[in-house]
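Participant: Next come a sequence and a model predicted from it.
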Amino acid sequence: MDFYMKLPRNGREFSLFLFVVSILSVNIIAPIISGLEMGFSLDTWKHTLEVLPFIWIAVVLLVLLTYIPASKLTRQLISKEDSFNAHMIINCLVNVMMMSIFLTVIGSWIGMRAVSWQPIEQFFL
């Protein structure tokens, strides 16, 4: 019963949740990272606003693409008998890890407006 009452129970609730979280994430994280990399200025903020729609689309697509693999990995890491909180924490950590890996590369491509090997080559540096 705990799972049923706390999670999005249908497609409409999931869509609303995904929309709200992705809009907040993209509008907060992208400008902060851009500001830290290029300096906080009006020009940096304008440049970030130009690419935000593309980053938002990438985030939504990646959430949908990583949902099933993250759930499978979560099931491998914890057992069915573990608490609801344990399931949610591990699932969130796995999702964030997967999204971070992909968005480090894809976000760089979107920001540079070009696909190159540079983000992949420098990933571990």
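Facilitator: Structure's in. What do you need?

Participant: center of this structure - which residue?
Facilitator: Computing the C-alpha centroid of the chain and ranking residues by C-alpha atoms, centre = their mean puts residue 99 first, at 4.5 Å.

Participant: contacting residues around it?
Facilitator: Neighbouring residues of residue 99 by C-beta atoms under 8 Å, 6 or more residues apart in numbering: 59, 62, 63, 66. Yep, even glycine has a C-beta here, placed from its N, CA and C like the rest.

Participant: State the next helix or strand along the chain beyond the helix or strand bottoming out on mean pLDDT in the chain.
Facilitator: Sorted by mean pLDDT, DSSP states H and E, the helices and strands of the chain end with helix 2-6, the least confident at a mean of 57. Sequence order places helix 11-38 as the next helix or strand after helix 2-6, per DSSP states H and E.

Participant: Longest helix of this structure, counting residues only.
Facilitator: Ranked by number of residues, the top helix in the chain under DSSP state H is helix 42-77.
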